[in-house]
Structures are given as C-alpha cells and as structure tokens.
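> Below is the sequence, then the predicted model.
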Amino acid sequence: MTTRTSWADLAANSAAENVGVGSSSASNGAVGSTSGAGRPVYVPPHLRNRPPSAEPPAPTSSGLTSSNDRPGYGGSRWTAPRNDYNNRSGHGGSGGRLGGWGGRSGGWSRGKDREVNPFGNDDDAEEAFSEQESTGINFDAYEDIPVETTGDNVPPPVNTFAEIDLGEVVNLNIRRCKYVKPTPVQRHAIPISLAGRDLMACAQTGSGKTAAFCFPIISGIMRGQVPQRPLRGARIVYPLALILSPTRELSMQIHEEARKFSYQTGVKVVVAYGGAPINQQLRELERGVDILVATPGRLVDLLERARVSLQMIRYLALDEADRMLDMGFEPQIRKIVEQMDMPPPGVRQTMLFSATFPREIQRLASDFLANYIFLAVGRVGSSTDLIVQRVELVHESDKRSHLMDLLHAQRTNGVQGKQALTLVFVETKKGADSLEHWLCMNGFPATAIHGDRTQQEREQALRSFKSGATPILVATDVAARGLDIPHVAHVVNFDLPNDIDDYVHRIGRTGRAGKTGLATAFFNDNNASLARSLADLMQEANQEVPAWLTRYAARSFGGRNRRPGGGRFGGRDFRRESSFNRGGSDYYGGGNSAGGYGVGYGAGIASAWD
DNA sequence: AAAAAAT
C-alpha cells in the first residue's frame, strides 16, 4: 500500500469535493446540505419554551448510524426543525436569525454568525512551521503499528478522511487543519464512534485522539435531530456532548481544537474550568452550547447551581481517562456521570481515551460503558527514535548545578541564536517555585506552572514559554499530560516521577511534529523503585541504558511500576484477562495489580498530530 | 507522598 499522501492527492480530493458530484462526501448527503428530512417544522412558541421532561432523551446514541433517516421521537418536543440553530443552541428568537440554515451549512449566514475564525490567529505565527509539520510526518512509520480491537461487531477502519462521511464543512476544516490522512487511532476510532458504539481507546497523547473523538461528536450533532431546548430566558443550558479533562489548560486546548473542527458547522463549543471568573463562562453558556468542554470541579459547580443540565447529553468523552478515574478524581467523575441527570450508558454514547489503562481502571471505567469496543493502538515503531532519552546519576544536592551545565551547553548550541525551549519537571509546587527563582537569579529566563499559581499566572507562564520569551518552563505534573507545546526541544526530569506512566507522558512533550527531542532524567537513590520500569522502557525504545541503571534494575524488586505484560504492546482489554496469565518468570510484582497496561511505551513519544 | 480539581 502506498502510504505517502502527497499534496497532489490532497488537492485532488479537494477538487473532487468542490465539484461536489459523485464524491463520497456528496453521496451520503453532506452534513451541511441539510437533506429533505430536515425540512423546517414550525414549532409554536408555547412549545419552544417547554423544558425537557425528566425522562432521558430518546437515544440517538446507542443506535446512531450513518443513516440520514431521522426517526421521529414521537413527542412534538423532538420534532423541532433541525435547521433552527437558534433553538438548537438554546437561545432562539433573538437577532432575527430564526429559521436560518447557515448555522449548519456554513452558508449564507456566515456574517451573521460572527464566528471568530479559529484558524485566523495561528496562521501567521505558525506558518513558518506548519509546512514542515504537515509534510515532515513519516506516515510510513505508522503503517505497521499493532492495533488490537476487541468487542462485538467492530466496524472496519478507514484509510482516508474521504471515506468518512463527516460532511463537507467538517472536511473543509480538516483541510484547514492541514490533516492529510487519519492517524491510526483516528482510522479505527472514528468509524467505531460514527457507528454509535461505546469505546475505550488506548492511544498515546499526541496520536490525534482529540480529533478522533471530536469529529464523530460534531458530525453526530449535525446530523442528529434537534431536540427542543429551552430558549434564551431559561437560565439552564442543555449541552448535547460533554468532554472532560483533568487540567484546565488541557480543557482550553481541547476547546481550541474543537472550535477549529466545528468552524461554521453551527455546532457551538464552550469551555468551563476553575480559576477563571464564572460569570463570563455563564454568559458563554447562555449564548448556546452543544459541546461543553470542562474540568470536573467547575462542572460540578455549574451543575449544583443548576445552570447546566446533563439531561440531553448524547456524547460523553473522557480525555486522559485513567487520570480521570484515579483516586483523586473518581468521586467527582462518578458524581457527574452517575449521580446527576445524565442519560445512562447505552442511551448516551461514551468514549474513553487514555494512553494507559491499568486493569483496575478499566474495571471502574466499564461502569460507564455499554457493550463497548476496546481499541489499543501500539507503539509508533521507528518514530520513537525521535526522542533521545538519557538518564544521569545525579545526587539530590547536585541537581541544580547539573541543570545549569545542561542549560549552558544548550545555550551555546542554541538554534538561531534563540535558546531552545526546555521543559523542566519537578515533583512539588514549592520545588517549582524555588527552582524557577534560582534559574532567574542565575541568568536563565524561566517561568513556572503549577497548581498553586493563579490561573492567570498559569496561562501567562504557558504563553511566555510557547513564545520563547522565557524558554525555560519549570512545571509540576499539571503540565505532564496532553498539553501541546510545540517546539519543546528538551524535557528534563529534574525530579523523576514515581509512576512510569507519568514519565512517558512527560517526555512526550518533546519530539513532536516530526521533530527530534531530547529527554534527560536525573536519577538517584530516591528513584530506585522506578529503575526497573525505566530501564525496560528505555530498552523498549531502543535507547542506550546505562550499566548502572541496569544494576539498579536488577537489585530492585520492581515496585508498583513493574508490568507483567512487558512493554511492547501491552494495551489489552481487561475483559480478556480473566484467563490471561503470563505467569512471567520476570514478574516480581507480588502485591502489584497494576497490570493490564497500555500501549507500547514509545507510542506517544513521537507525535506529529497534537 | 504529591498533584490536580470549585469558591
């Protein structure tokens, strides 16, 4: 199979779709060009204001198919005109937009929508990089990735975006994003989601999973019926999709991406997270929301204030799902998913994405799913070469001067006279502040991000780092997962994490977009419990493992990080594991139940798709 | 044990 997708191919696709005849996007009724089934239906004013009843909405979810049929829900509530964007987004009647088709078609009402072009701002800033990023992707490296799917009637994967009927508006946004070809997780996950199936997906951050769950949600909302939602006067809003993530910055990032994917589709994406004034978020919500991206705490607040109802949720996506279900988050997530008014599994469609899925987390997560498909996308093979991992034996008291040496060397090797971006992970918030201060005192422009800083400070730190104004960012694990910070050349694990997963997530902040990256870890006696898993991981990624680390690993008894499955392709459906017993002679984890782990270590390391 | 997440 030819794996290289050229710009010529892209242009050809584009041309075919512009003609709009006979292309696949036209054949199944492009989403934007509302089909006959969407004929406007007049809804009398007295029905428009009727709030949804207590019973959950009839399912589009479990039975969601690619059909354009829109089976009636019976009640007049459910026969609202699909083209009435104002009603659909919960604030009809104002501004003379009633009855407009443009919200969905991206057609005539473009001007009226006054939707800020989410591509506009980036274009200049990213132009210099974007071509390289788009063409520098080594797709060949992604062809032989092991993929495992388990579950009933797994829909087959697709090879091109053209095969997926997402509609012409979304297709246009895909081109605007310069996505040429779906990534492996997208190839498999999108058909599964479009078929209405629940999904537990193991795929490293940076493998394109945001798009993998956003595209089906956007498409589903566009083609689904338009439930009658209360109009503007109502203070409570009824999103159709909920995307939860573990940090505020990650929620912001998902929101930005989702806005690009949904541009001019009429699908409204709103983000809500703590640390920022709630009133502004409330105003945004009142202007209409289809997809709500949120962190758990702020969402609970909104639910308790009765400003958001989950009654109409058709799609639930948890990003970094293993983090969302760990001890710190699980109660909040359970509250949101099980104890508020969200439709139950089987009625809503649920998608969980994470790089790693320990068996016990899978067990917890299965409460939220119905007849789900498990998908694991394995390591990215040769692309792991993009990150060089180093481990250095550094005593606690020598860490600062050692860091200084690294930074000095880097400065002299600086690219284009600018210091390369360096992300330094530490264990504690206090440690982050003190290291930041020390670096600044020693002439290294640094900033810090952690949970004790104000949201403003956190966002400012991230901006300042991304722009290169302060090319050193000292961070706690708040920045370890999911964050897309382009052009990070070096990740330093000043303090190693206790969990090998966190290490994988941290180093995944570099080596992105087809660029090479360096990850340096400071190791000492305090990290003995990590020795074995670290050595295994590095070996798995074809990295040079220092002899002293191998000795450490041999001495250690594995700790919590030892994985029975071995590294290469451990993403495994726990439903199959009752009979799955490696009985491995190399498995020391007596009291350890942290098995059943995810996808090859290297998978997220090289990523061109964040 | 720490970090994150509401005020």
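In hand now; what should we look at?
> which SS state does the closest residue to A:Ser193 other than its chain neighbours fall under?
Leaving out its chain neighbours, the residue that sits closest to A:Ser193 by CB to CB, 6 or more residues apart in numbering is A:Pro216, at 3.4 Å. Just so you know, the C-beta spots here come from the backbone N, C-alpha and C atoms, and that holds for glycine as well. Using DSSP: H, G, I helix; E, B strand; the rest coil, the structure places A:Pro216 in helix.
> List the residues that contact A:Pro216.
Counting by CB atoms under 8 Å, 6 or more residues apart in numbering, A:Pro216 makes contact with A:Ala189, A:Ile190, A:Ser193, A:Leu194, A:Tyr315, A:Met351.
> what ranges of chain A fall below the confidence cut-off?
In the predicted model, chain A carries pLDDT under 70 at residues A:1-113, A:121-144, A:205, A:227-234, A:379-385, A:412-418, A:513-514, A:557-571, A:577-610.
> Domains of it: list them as residue ranges, please.
As given by automatic domain parsing, the domain ranges for chain A are A:1-47+A:65-379+A:568-577+A:594-610, A:381-561.
> Which parts of the stretch 351-500 of chain A are strands?
Per DSSP state E, counting those that start in this stretch, the stretch 351-500 of chain A carries strands over the ranges A:373-377, A:387-393, A:421-425, A:446-449, A:472-475, A:488-493.
> who does the fourth one touch, helix- and strand-wise?
Same thing as strand A:446-449. Judged by 3 or more CB pairs under 8 Å, 6 or more residues apart in numbering; DSSP states H and E, the packing partners of strand A:446-449 are helix A:429-441, helix A:455-467, strand A:472-475.
> Can you pull the residues of the stretch 351-500 of chain A lying near DNA strand B?
Counting by CB under 7 Å from any atom of the strand, the positions of the stretch 351-500 of chain A adjacent to DNA strand B are A:427-431, A:450-452, A:476-478, A:498-499.
> Restricted to buried residues, select those in ChimeraX.
Here is the ChimeraX command that selects the buried residues among these (16 or more other CB atoms under 10 Å):
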select /A:427,429,431,450,476,477,478,498,499
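> Show me the two of the residues of the stretch 351-500 of chain A next to DNA strand B that sit farthest apart.
Farthest-apart pair in those is A:Asp452 and A:Asp499; separation 21.3 Å (CB to CB).
> got the contact list for the nearest residue to A:Pro471 once chain neighbours are set aside?
Leaving aside its sequence neighbours, A:Pro471 sits nearest to A:Gln419 (CB to CB, 6+ apart; 4.3 Å). If a contact means CB under 8 Å, 6+ apart, then A:Gln419 has A:Gln410, A:Arg411, A:Gly468, A:Pro471, A:Ile472 as its contacts.
> Spit out the contact partners of A:Glu457.
A:Glu457 touches A:Ile449, counting by CB under 8 Å, 6+ apart.
> Same question for the one 3 residues further on.
By CB under 8 Å, 6+ apart, A:Gln460 lies in contact with A:Thr447.
> on that earlier part again, quick one: which of the contacts of A:Pro216 sit in helices?
Residues of the contacts of A:Pro216 located in helices (DSSP state H): A:Ala189, A:Ile190, A:Ser193, A:Leu194.
> hang on, the last one packs against A:Ile217?
It stands for A:Leu194. No: the criterion here is CB atoms under 8 Å, and A:Leu194 misses it with A:Ile217 at 10.1 Å.
> three-state assignment of the nearest residue in space to A:Leu496 that is not next to it in sequence?
The shortest distance from A:Leu496 to any non-neighbouring residue, by CB to CB, 6+ apart, is to A:Asn527 (4.6 Å). Under three-state DSSP, A:Asn527 falls in the helix class.
> and if you look at the one 5 residues further on?
Under the three-state scheme (three-state DSSP), the conformation of A:Arg532 reads as helix.
> got the residues of the stretch 151-300 of chain A near DNA strand B?
Contact residues, the stretch 151-300 of chain A versus DNA strand B (CB under 7 Å from any atom of the strand): A:246-249, A:273-276, A:278, A:294-300.
> Strands - which of the residues you listed land there?
A:Ala294 (DSSP state E).
> Among the residues of the stretch 151-300 of chain A next to DNA strand B, which ones are in helices?
A:Arg248, A:Glu249, A:Ile278, A:Pro296, A:Gly297, A:Arg298, A:Leu299, A:Val300.
> how about these, which pair is most distant?
Across these, the longest distance by CB to CB is 19.1 Å; it joins A:Glu249 and A:Val300.
> which of the two has more neighbours?
The residue with more neighbours, out of A:Glu249 and A:Val300, is A:Glu249; 23 against 18, by other CB atoms under 10 Å.
> Hmm, A:Leu483 and the more buried one touching each other?
Yes: contact criterion CB under 8 Å: A:Glu249 and A:Leu483 qualify, at 5.8 Å.
> intersection of neighbour lists for these two?
Taking CB under 8 Å, 6+ apart as the criterion, A:Glu249 and A:Leu483 both touch A:Leu462.
> where's A:Gly288 relative to A:Leu302, distance?
According to CB to CB, to the nearest Å, A:Gly288 and A:Leu302 sit 15 Å apart.
> what does A:Ser245 give?
Using CB to CB, A:Ser245 is found at 15 Å from A:Leu302.
> before we move on, what about A:Arg235?
A:Arg235 sits 11 Å away from A:Leu302, going by CB to CB.
> Next: A:Val271.
When distance is defined by CB to CB, A:Val271 is 12 Å away from A:Leu302.
> in what helix or strand does A:Leu302 lie?
Secondary-structure element containing A:Leu302, defined by DSSP states H and E: helix A:296-304.
> Could you list the buried residues of that helix?
For helix A:296-304, the buried set under the neighbour-count rule, 16+ other CB under 10 Å, comprises A:Pro296, A:Arg298, A:Leu299, A:Val300, A:Asp301, A:Leu302, A:Leu303.
> Just the residues contacting that helix, thanks.
A:242, A:244, A:246, A:272-274, A:278, A:281-282, A:285, A:292, A:294, A:308-310, A:324, A:329, A:332-333, A:335-336, A:340.
> Going by neighbour count, which of these are buried?
So, by 16+ other CB under 10 Å, the buried ones in the contacts of helix A:296-304 are A:242, A:244, A:246, A:272-274, A:278, A:281-282, A:285, A:292, A:294, A:308-310, A:324, A:329, A:332-333, A:336, A:340.
> can you tell me which of those are in helices?
Going by DSSP H, the helices hold A:Ile278, A:Gln281, A:Leu282, A:Leu285, A:Met324, A:Gln332, A:Ile333, A:Ile336 from the buried ones among the contacts of helix A:296-304.
> hmm, which two among these are most spread apart?
The largest separation in these, counting by CB to CB, is between A:Leu282 and A:Met324 at 24.0 Å.
> rewinding a little: for burial, what's the neighbour tally of the residue nearest to A:Leu496?
Residues near A:Asn527, counting by other CB under 10 Å: 21.
> if I look at A:Val271 and A:Leu302, which residues touch both of them?
The contact lists of A:Val271 and A:Leu302 share A:Gln281, A:Ala294, where a contact means CB under 8 Å, 6+ apart.
> Please give me every residue in contact with the residue nearest to A:Arg506 when sequence neighbours are not counted.
Excluding the flanking residues, the one nearest A:Arg506 by CB to CB, 6+ apart is A:Ala480, at 4.8 Å. A:Ala480 makes contact with A:Phe425, A:Pro497, A:Asp502, A:His505, A:Arg506, A:Arg509 under the criterion CB under 8 Å, 6+ apart.
> quick one: the first one from DNA strand B, how far?
In other words, A:Phe425. 10 Å (CB to the nearest atom of the strand, to the nearest Å).
> how near is that residue to A:Leu393?
Distance, A:Phe425 to A:Leu393, using CB to CB: 18 Å.
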